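Student: Structure for the following, please:
(chains A and B)
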Amino acid sequence: MERAVLKLAEPPMSGGEEPVVPAPQAATAAAEASPPMRWFLTRAVRWFALHRQQLRTLLIGAISLALFLLSWHLLTKYRVSFHVRFVNVPSPAQVFESFTRAVDDVKFMQHVLLSCRRILFGFIMAAVVAIPLGLVMGRFRLIRDIVFPVSEVLRPIPAIAWVPMSIMLWPSNEESIVFITFLGSFFPILLNTLHGMAAVDPVLVRASQCLGAREISIFKDVYFPASLPSIFTGLTVGMGVAWVSLIAAEMISGQFGIGYFTWEAYSLVQYADIALGMICIGVLGLGSSAAIRGIGRLVMPWGRA
Amino acid sequence: MEQHSGRTFVAALAFATSMLWGSAASAQTTIKIGIGTQDTTTNTVTTGVVIRQLKLFEKYLPTGGKYANSKFELEWNNFTSGPPVTNGMMANKLQFGAMGDYPLIVNGFTFQSNPESKSRLIAVAAYNQYGSGNGLVVHKDSPYYELSDLKGKLVSVPFGSAAHGMVLKALQDRGWPADYFQLVSQSPEVGSTNLQEKKIDAHADFVPFAELLPFRGFARKIFDGVETNQPTWHGVVVRTDFAEKYPEVVVAYIKAVIEANAWFRADPKAASEKIQEWTGINKEVVYIFLGPGGNMITDPTIKPFLVEDAVEDAKVLQRLGRMKEFDVAKWVDDSYVRKAYADLNLDYDAQLKKIENYEVKGEDKFCNKPVTDPRKAGEVWVDGEGIMPFSSTACTLGAYAQFKSASKKINMAYVFDTARGIKLFADQAFYAIGSDKKDISPFLLKKDAEALAAKNGGKVVGFDEALKMAVSGG
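Tutor: As a prediction, this is how the structure comes out:
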């Protein structure tokens, strides 16, 4: 019975690369234990078998991060100087010390929260504007021809170059900051949506037209679901770029935000705090991209993302 | 086929030549010298862009002795503030760096944890013993005229800069709490744009922004560093590993600084024009800082009162929790500047004691008398004709009006603050007019002008009205 359940559970697990080896042995071990214990063990074994692949990924991830930390530690400890110089790079211990100091500080949490809010606003606005625009551009050649040249000219401009313009464009600084993070997310989302639209199989469109679907239904039931995977790729990339533009954006703020924290540390030449800010941005970026991917899985149960 | 072999031959030849050239060059040792400058920070120009453009460093670099087989490679890097210079020095991309008093201390402190090298203060670029140079500006349309008007308002300043120090000192002097203003950190570029767009109520900054922004026409200075009565200065630091290995090069650099200073004073007008060409800072602004009676004194000697000021600055940074222990005395090293003075047959100790600027002098052609009291005098810069001195404010304004009626293009007129002796743009000043309408006293601050007017029953007017009075009264 148990084995049957395991067998059933196997296929959706993960492409089924290897058979589950430890399960039968564990199951017999469980059979000898008392009933509640046995129930618990069975559950544990099943959970383990189900999540084997994820656990493996997690473990490898942890090892790779640990190796990164270790090499960082060693490089800075022995102040390695072999063309690339680690002589004055802060060590993990120094950064951790900055971190413990920062955690006690209410201000630091404020920095983090404000940055998250700015990214969220900028990102949501970018998604709200870029996805429909990309869909429309993908469907109507004329609109694409009008918008595409402008967006291609604006796209390569680095966030930091937008700082003075952004200050002048918007009435408040908070809006200027959100605008720069908006720009960061906007173009990846737009381009990926466009790409998704281009990849939609024209046979599907023609078929739905033959079946009498109107434009609105074609959009809703054919184009949109078909380009959704691309859109989510765009959202994930866009979220990443929003964080990339954070320091440039928060140079304007002058008092809050993790980007500002890093910038201020630079103006006082505090290397450990600079590294702390960098890591913080990295971790927050990782978390938000993971969140987008999670939402993607919920929205597209058929997808492989 | 023919073509192919020909190409191979050329390539081989090129390779052989490059090998030859390479081995010939390697017989010489190349000494790379990176210098971090702040070209837009006008009071450091004689330690940076002037030396670079006039090739003065090259002129003094040692050639004989242990340098017989050396080739120097100068690399000039320009930044808008001190921290990137410190960063470049820490990474050993720069060996020399010029920056303001607070960034200098941060530089010295940061180097304490560098195992390869420390940094040493080897010369002063320019100073003002009373703290003029830093200033606080507001938008010209704003209703703020003094610091107390800014209570609870949004004030930005580049944190860790000399101007930040000025703001902290001003708060401390008045016994105001640290949150009297809503103080935020903005770089000069960001702060300037924000002030222009009225996003902030005031912006405090270092040289040349407190003069440059009013000059550009959208700002008004309401606080000058002079009111803190604490010196402000810029200086040059060097990496000790470099300085110990090549002390002659460090001395050569300081000689170049001495010559650059002399070059400016020899012809301030032409020099200001050149610096405008090199840095983009308007010549009228350069002149108010480095010209005669200007707000900055260029002098490489390391004066004891500047060292004392550095100790104070270090304490401020410690109180803010930005820094731990820092030994200022150990960080200052005047041996190189002394050597440079000795080599040039100049008296270092005499210069060390001198705390004075060169002054406005010459013959006043409007009132027909010589300039006797330079800090009551004035100057008018007529485009194409030069800068003319005038013996008093009334004479300056009178001459200005005359030039104007002759429809000559006037670049700028300068007068001196009656109370504090700092040089002012005439069109930005407040004028206290005596009751007899003859006595015209210019002031930076409206409140100073009002105080004098109240005392002698006169009134306070702006530039245009003062100009009219000067004509009718004179």
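Student: Checking residue A:269 next. Helix, strand or coil?
Tutor: Counting by DSSP: H, G, I helix; E, B strand; the rest coil, the backbone at residue A:269 sits in coil.
Student: pLDDT score for it?
Tutor: The per-residue pLDDT reported for residue A:269 equals 84.
Student: and what of the one 4 residues further on?
Tutor: Reported pLDDT at residue A:273 in the predicted model: 92.
Student: cool, residue B:472 as well?
Tutor: Reported pLDDT for residue B:472: 68.
Student: What of residue B:333?
Tutor: On the pLDDT scale, residue B:333 is placed at 96.
Student: Kindly report the residues of chain B close to chain A.
Tutor: Residues of chain B lying close to chain A (CB under 8 Å from any CB of the partner chain) are B:81, B:83, B:86-87, B:90-92, B:106-107, B:110, B:113-116, B:156, B:158-161, B:184-187, B:189-190, B:193-194, B:196-197, B:199-200, B:322. (C-beta placed from N, C-alpha, C; glycine too.)
Student: Only the buried subset of those, as a ChimeraX command please.
Tutor: Here is the ChimeraX command that selects the buried residues among those (16 or more other CB atoms under 10 Å in any protein chain shown):
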select /B:81,83,86,87,90,92,106,107,110,114,156,158,159,160,161,184,185,186,187,189,190,193,194,196,197,199,200,322
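Student: Which members of the residues of chain B next to chain A occur in strands, if any?
Tutor: Taking DSSP state E as the definition of strands, the residues of chain B next to chain A contribute B:156, B:184-185.
Student: List the buried residues of stretch B:319-335.
Tutor: Within stretch B:319-335, the residues scored as buried using 16+ other CB under 10 Å are B:322-323, B:326, B:328, B:331-334.
Student: So what's the residue count around residue 146?
Tutor: Answering for chain A, as no chain was given. Close neighbours of residue A:146, defined as other CB atoms under 10 Å in any protein chain shown, add up to 11.
Student: Not quite, go with chain B.
Tutor: Neighbours of residue B:146 (other CB under 10 Å): 15.
Student: For the closest residue to chain B within chain A, grab the count of nearby residues.
Tutor: Nearest to chain B in chain A, going by CB to the nearest CB, is residue A:254, at a distance of 3.1 Å. By other CB under 10 Å, 28 other residues sit near residue A:254.
Student: Quick check: residue A:68 is in a helix.
Tutor: Yes. Under three-state DSSP, residue A:68 sits within a helix.
Student: how close does it sit to residue A:282?
Tutor: Taking CB to CB, to the nearest Å as the measure, residue A:68 falls 11 Å from residue A:282.
Student: same question, residue A:250
Tutor: 16 Å.
Student: Of these two, which one has the most company?
Tutor: Using other CB under 10 Å, the more surrounded residue of residue A:250 and residue A:282 is residue A:250, with 27 against 11.
Student: Identify each buried residue in the top helix by length along chain A, please.
Tutor: Counting residues, the longest helix in chain A under DSSP state H turns out to be helix A:106-139. Under the neighbour-count criterion of 16+ other CB under 10 Å, helix A:106-139 has A:108, A:111-112, A:114-115, A:118-119, A:121-123, A:125-127, A:130-131, A:133-135, A:137-139 buried.
Student: That helix - contacts with which helices or strands?
Tutor: On a contact count with 3 or more CB pairs under 8 Å, 6 or more residues apart in numbering or on different chains; DSSP states H and E, helix A:106-139 meets helix A:141-154, helix A:173-198, helix A:224-244, helix A:246-250, helix A:258-267, helix A:271-299.
Student: just those: most buried one?
Tutor: Using mean count of other CB atoms under 10 Å in any protein chain shown, the stretch among these with the greatest mean number of neighbours is helix A:246-250 (a mean of 26).
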